[in-house]
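Enquirer: One predicted model, sequence on top.
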Amino acid sequence: MNPPSSSSGPRVAASGSGAVIVAQLLLRTASAAGALALGSYFVDLSRQGTSVGALLLGILSAVSFLAELVLAPVAGSASDRRGRRVFLIAAPLLAAGGVLLTPGASVLAAVPPLALVVVIVGSSRLLDGAGAAISAPATLGLLADATDGDRRRRGRLTSLYELSSSGGIALGAVAGPLLYGALGLWTFVALAVVYVATAILVFARVRPAAALTQPASRVSLRERVGVLAQPRLLAFLPAWIAVNAILGTWVTSQITFVLAGDVTVDDQLFPGAFRGDEAGLSAVLGVYVLFFSACIVFWAFFIGRFPTLPVLFVTVAGAMLASFGLLLANHGASLVVVLPMVAVGVFLEAGFTPAALIHLSEISADHRDDRGLIMGAYSVVVGAGYLLGNVLGGVFAEWLLFDGLALLTIGLAGVALLSVVGMSVTEAALRRRERAIPG
């Protein structure tokens, strides 16, 4: 049985939920647009003679998620003690500084050397990851505070959070190639403006009284590890990391590099299919955005009524089904067969993160004084998953191009399915232990 929260101080009602959800939408849109623009930027660098490739792009993109993985628990714990608002304001300002660095190599040299590209782009991605690391735990902590005791409202808000997060990533995926095609390097300046506007929104709408206010206290490393080492959380991490690795494989710079790059093969239809056609790539991604968003809206109304573990299992199976469909489409299978497979798979997988966030919020309910720390686990798994997905995506894209991305996704979904089965075993064991405790 999880120990109850030890706080005896007064609780302050959380507010500003709408503002932080909109802020999350803007943050993720700008971040994804920057990542996709980075892919287009690397295509330009390659054509100019700089020796960049898919694997290097994957590694540099992964730096952002490495920073998020390392910093999120620290930032989440600090938000428990110092309030959520300051972190929600600082996050987009850090990201703005990072995105402005991105074109620095081309500003300094017409044909920048590889070392200069690595240093500048790597620094940019580190700042982007730091912004995400301090934003997500504070946002999720505030939403969890606002929904204690109301599972259906929690389902709606977590679904809206996922809509703003995944929808923002998808919108950014659409906007990135279009912006880069229209603005070139000025794309990164435009995205910095979006980040600053996000900070202003949070400053105006999330008041200090809405943040969690507790007296500052020292929390030892052992105590932090004890909070994060709960069996329910540990059992859940492999599935969530695997699913975020799937997202890291697809919704980052890698997809533009494969679809809009110069490398093609005779037996695959998709690699290079959008070479020189940023508008076409954005249109395809836009259709995905609309459909995925509609799926999340559906889940928002119903997910709070369903038990969490079956939902997680079904949604992971959806990712596997969609990948099989894309693999077939890449080899010329009939759209009559492929489109239903992909549509059903995407519909199912849209419910994973809302269900995961409900599960994480329920775990954190027994540790309210450390809620930001626990919700920081979200950023840890996002960081670890995207880091893994970017690096493995680069390896598999170098090996088999689009087929490699689809096969990697199927493998990661298989790992997640096994993890969900393990979660069921853990939950059953904990229930038996709780029944065995007298009283």
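Expert: That came through fine. Residues are numbered from 1 along each chain as shown.

Enquirer: Where does pLDDT dip in the stretch 101-250 of the chain?
Expert: Along the stretch 101-250 of the chain, the parts satisfying pLDDT under 70 run over 146-152, 154-155, 207-229.

Enquirer: quick one: the helices in it?
Expert: Applying DSSP state H, counting those that start in this stretch to the stretch 101-250 of the chain gives helices spanning 104-108, 114-146, 151-183, 186-205, 221-228, 231-250.

Enquirer: Next, format these as a markdown table and append mean neighbour count and distance to Phe301.
Expert: C-betas here are computed from N, CA, C, even on glycine. Below are the helices of the stretch 101-250 of the chain laid out as a markdown table (neighbours: other Cβ atoms under 10 Å; distance: least, Cβ to Cβ, whole Å):
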| stretch | mean neighbour count | distance to Phe301 |
| --- | --- | --- |
| helix 104-108 | 17 | 46 |
| helix 114-146 | 24 | 17 |
| helix 151-183 | 23 | 7 |
| helix 186-205 | 19 | 25 |
| helix 221-228 | 14 | 32 |
| helix 231-250 | 23 | 22 |
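
Enquirer: what's the longest helix in this structure?
Expert: helix 371-436 (DSSP state H).

Enquirer: Quick check: mean pLDDT of that helix?
Expert: Averaged over helix 371-436, pLDDT sits at 83.

Enquirer: That one vs helix 231-250, what angle?
Expert: 130 degrees (axes from the mean of the first three to the mean of the last three Cα atoms, to 10 degrees).

Enquirer: now for the helices of the stretch 101-250 of the chain, which one comes closest to Leu38?
Expert: Each of the helices of the stretch 101-250 of the chain has some distance to Leu38 by Cβ to Cβ; the shortest is helix 114-146, at 7.1 Å.

Enquirer: And that closest one, what does it pack against?
Expert: Packing partners of helix 114-146 (3 or more Cβ pairs under 8 Å, 6 or more residues apart in numbering; DSSP states H and E): helix 17-48, helix 54-82, helix 85-101, helix 104-108, helix 151-183, helix 352-364, helix 371-436.

Enquirer: picking up where we left off before, the helices of the stretch 101-250 of the chain into TSV, with extra columns for distance to Ala322?
Expert: Shown next, in TSV, are the helices of the stretch 101-250 of the chain (distance: least, Cβ to Cβ, whole Å):
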stretch	distance to Ala322
helix 104-108	36
helix 114-146	25
helix 151-183	14
helix 186-205	29
helix 221-228	32
helix 231-250	10
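
Enquirer: mind checking which of these is nearest Asp266?
Expert: Asp266 lies closest to helix 231-250 among those, at 23.7 Å (Cβ to Cβ).

Enquirer: Convert the C-alpha atoms of whatever helix or strand comes next after that closest one to PDB, please.
Expert: Sequence-wise, the next helix or strand downstream of helix 231-250 (DSSP states H and E) is helix 253-260. Taking C-alpha atoms only, helix 253-260 is exported to PDB below (Å, rounded to 0.1, in the frame of the first residue of the first chain):
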ATOM      1  CA  SER A 253      13.000  15.700 -37.700                       C
ATOM      2  CA  GLN A 254      13.500  12.100 -39.000                       C
ATOM      3  CA  ILE A 255      10.200  11.900 -40.900                       C
ATOM      4  CA  THR A 256      10.900  15.000 -43.100                       C
ATOM      5  CA  PHE A 257      14.500  13.800 -43.700                       C
ATOM      6  CA  VAL A 258      13.100  10.400 -45.000                       C
ATOM      7  CA  LEU A 259      10.100  11.700 -46.900                       C
ATOM      8  CA  ALA A 260      11.600  14.900 -48.300                       C
END
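
Enquirer: quick check: angle from the longest helix of the chain to helix 151-183?
Expert: On the basis of the same axes, to 10 degrees, helix 371-436 is oriented at 140 degrees to helix 151-183.

Enquirer: that older thread, now the helices and strands packed on helix 114-146 in JSON lines, with distance to Val258?
Expert: Output for these, formatted as JSON lines (distance: least, Cβ to Cβ, whole Å):
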{"stretch": "helix 17-48", "distance to Val258": "9"}
{"stretch": "helix 54-82", "distance to Val258": "7"}
{"stretch": "helix 85-101", "distance to Val258": "23"}
{"stretch": "helix 104-108", "distance to Val258": "22"}
{"stretch": "helix 151-183", "distance to Val258": "13"}
{"stretch": "helix 352-364", "distance to Val258": "24"}
{"stretch": "helix 371-436", "distance to Val258": "5"}
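
Enquirer: Which of those sits closest to Cys295?
Expert: That would be helix 151-183 among the helices and strands packed on helix 114-146, by Cβ to Cβ, at 9.4 Å.

Enquirer: so what does that closest one touch, helix or strand wise?
Expert: helix 17-48, helix 114-146, helix 186-205, helix 253-260, helix 278-302, helix 352-364.

Enquirer: 10 Å instead?
Expert: Packing partners of helix 151-183 (3 or more Cβ pairs under 10 Å, 6 or more residues apart in numbering; DSSP states H and E): helix 17-48, helix 114-146, helix 186-205, helix 231-250, helix 253-260, helix 278-302, helix 352-364, helix 371-436.

Enquirer: List just the one of the ones you listed that sits closest to Asn330.
Expert: Evaluated over the helices and strands packed on helix 151-183, closeness to Asn330 peaks at helix 371-436, with 5.1 Å, by Cβ to Cβ.

Enquirer: Give the other helices and strands that the closest one contacts.
Expert: In this structure, helix 371-436 makes packing contacts with helix 54-82, helix 114-146, helix 151-183, helix 221-228, helix 231-250, helix 253-260, helix 308-330, helix 352-364, judged by 3+ Cβ pairs under 10 Å, 6+ apart.

Enquirer: can you redo those as TSV with distance to Ala90?
Expert: Listed next are those as TSV, based on distance: least, Cβ to Cβ, whole Å:
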stretch	distance to Ala90
helix 54-82	9
helix 114-146	6
helix 151-183	19
helix 221-228	21
helix 231-250	23
helix 253-260	25
helix 308-330	32
helix 352-364	22
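
Enquirer: Among the ones you listed, which comes closest to Gln48?
Expert: helix 114-146 (10.8 Å).

Enquirer: re earlier: kindly present the helices and strands packed on helix 151-183 as TSV, with separate columns for distance to Arg84.
Expert: What follows is the helices and strands packed on helix 151-183, written out as TSV (distance: least, Cβ to Cβ, whole Å):
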stretch	distance to Arg84
helix 17-48	8
helix 114-146	4
helix 186-205	10
helix 231-250	21
helix 253-260	30
helix 278-302	23
helix 352-364	14
helix 371-436	7
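
Enquirer: Ser323: which of those is closest?
Expert: helix 371-436 (4.2 Å).

Enquirer: distance between the closest one and the chain's centre?
Expert: The chain centroid and the centroid of helix 371-436 are separated by 12 Å under Cα atoms, centre = their mean, to the nearest Å.
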